[in-house]
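Peer 1: this one's sequence-less:
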């Protein structure tokens, strides 16, 4: 074993009480970091899944109709007010080409063509306003996986089959195999057979969404051969706005990310992350001060031994390395205790409360990256905290400390 390791371990062993105390302090600090990081990350993941699990991360649609100036009369200047034209349901021009261009972008993981529009669902005397969504099931489930949310039937959209939500099925008294008539505001109508019923945990969407095949929606909504939107999924959810801007610049279409349409949710998520980072920073500072204090005391207590070592020819660099090793050992050892403490506390906290579906009310996200990052932070903090005590030990005069202690 190298000389520096032998001396560093001996100094830590001789000050057992101090070593155990600082190891406990580092363990508690790292445990707090792991617990808070796992809790906040788990809550963010759960919130994102519940809020954004039913919508595409980027929605691409045709550009809006150009506004036109309102002319008051022949020979008169345009009025100072600008009248924005009403937006009608339009198809994306050359949508197949745009879809393939979006699909080839580096950070895009899935795309799906969608025809969406308003209609009325009729059954007997019951009448409900619904949002018709014409999709290709094979591509759409890569954007929003409806399959696990099916409570009856299956997500099958062939011919004139439709899939509806539980609230709409209850309101209209529908079940698998029943018939449903869809009528658009311009008078188009078609009868569909219910192939399945879903429950995605959102009452409004369960009441409004009606899935039919892409071809059937094109016919019903008067977009023969066209689509109204291209829904997109990206590999990293917080890159959605950058991807949306890239799509808009390359295709000339309008691209809206969830970060733009859910700005308040984004502010909340970022506030949670910022608060977590601030707490971690204060914990790291406290750990660093604790390590530095213990090592400074060790320098004072071991000054005679350090003087003897230097008098025997031990170089200043070796003395510095002794205390740096002590800081690293304390940081690494404390981080191992903290990983165990933080993981146990997080897992226990997750079992305290459960949702009606059995999922934890406070989910935690424990992973290897979190452990390695926390251990790395603690070890680096130990090294940095040991710099000042090491420099102080290096400046000791051997003759003076041996003579006066």
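Peer 2: That came in fine, so what should we check first? Everything numeric here is computed off the predicted structure, so don't read it as measured data.
Peer 1: use CA for all of it now, contacts and neighbours both
Peer 2: Will do.
Peer 1: what residues of the strand or helix carrying residue 127 count as buried?
Peer 2: Element membership for residue 127, per DSSP states H and E: strand 126-135. Neighbour-count burial for strand 126-135 flags 128, 129, 130, 131, 132, 133, 134, 135 (criterion: 16 or more other CA atoms under 10 Å).
Peer 1: ok, so of the residues you listed, who is nearest residue 395?
Peer 2: residue 135 (74.6 Å; CA to CA).
Peer 1: looks like the closest one contacts residue 209 (just checking).
Peer 2: No: checked against CA atoms under 8 Å, the pair residue 135 and residue 209 is beyond contact range at 11.9 Å.
Peer 1: and the longest strand for the protein?
Peer 2: strand 108-123 (DSSP state E).
Peer 1: and it, what does it pack onto?
Peer 2: If contacts are counted by 3 or more CA pairs under 8 Å, 6 or more residues apart in numbering; DSSP states H and E, strand 108-123 sits against helix 95-103, strand 126-135, helix 137-140, strand 179-183, helix 214-220, strand 229-234.
Peer 1: please identify the most buried of those.
Peer 2: strand 229-234 (a mean of 24; mean count of other CA atoms under 10 Å).
Peer 1: burial count for residue 43?
Peer 2: By other CA atoms under 10 Å, 19 other residues sit near residue 43.
Peer 1: now residue 2
Peer 2: Residue 2 has 6 nearby residues by other CA under 10 Å.
Peer 1: same question for residue 226.
Peer 2: Around residue 226 there are 22 other residues, counting by other CA under 10 Å.
Peer 1: with residue 291 instead?
Peer 2: When neighbours are defined as other CA under 10 Å, residue 291 has 28 of them.
Peer 1: for it, what is the enclosing helix or strand?
Peer 2: helix 263-301.
Peer 1: now that helix, how far from the centre of its chain.
Peer 2: Averaged C-alpha coordinates place helix 263-301 at 22 Å from its chain's average position (CA atoms, centre = their mean, to the nearest Å).
Peer 1: in it, what counts as buried?
Peer 2: By neighbour count with 16+ other CA under 10 Å, helix 263-301 contains the buried residues 265-266, 269, 276, 280, 283-284, 287-296, 298-299.
Peer 1: now render the buried residues of strand 126-135 as a markdown table, adding pLDDT and distance to residue 350.
Peer 2: Output for the buried residues of strand 126-135, formatted as a markdown table (pLDDT from 0 to 100; distance: CA to CA, whole Å):
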| residue | pLDDT | distance to residue 350 |
| --- | --- | --- |
| 128 | 91 | 41 |
| 129 | 92 | 41 |
| 130 | 94 | 38 |
| 131 | 93 | 37 |
| 132 | 94 | 39 |
| 133 | 94 | 37 |
| 134 | 94 | 40 |
| 135 | 94 | 38 |
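Peer 1: turn these into CSV, including distance to residue 261.
Peer 2: Shown next, in CSV, are these (distance: CA to CA, whole Å):
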residue, distance to residue 261
128, 26
129, 23
130, 21
131, 19
132, 21
133, 19
134, 22
135, 22
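Peer 1: farthest-apart pair in those, please.
Peer 2: The span of these, defined through CA to CA, is set by 128 and 135 at 20.9 Å.
Peer 1: I figured residue 44 hits residue 268, correct?
Peer 2: No: assessed by CA under 8 Å, residue 44 is found out of contact with residue 268, at 9.4 Å.
Peer 1: check contacts around the most centrally placed residue in the chain.
Peer 2: Nearest residue to the geometric centre of the chain (CA atoms, centre = their mean): residue 45, 5.3 Å. Applying CA atoms under 8 Å, 6 or more residues apart in numbering, we find residue 45 in contact with no residue.
Peer 1: what of residue 381?
Peer 2: Residue 381 neighbours (CA under 8 Å, 6+ apart): 284, 287, 288, 331.
Peer 1: confirm that it sits in a strand.
Peer 2: No: under DSSP: H, G, I helix; E, B strand; the rest coil, residue 381 falls outside any strand and is assigned helix.
Peer 1: please tell me how far it sits from residue 320.
Peer 2: According to CA to CA, to the nearest Å, residue 381 and residue 320 sit 16 Å apart.
Peer 1: one more: residue 6?
Peer 2: 14 Å.
Peer 1: so which of those two has more stuff around it?
Peer 2: For residue 6 versus residue 320, neighbours defined as other CA under 10 Å are more numerous around residue 320 (21 against 11).
Peer 1: phi, psi for the more buried one please.
Peer 2: phi -60, psi -40 (degrees, to the nearest 10).
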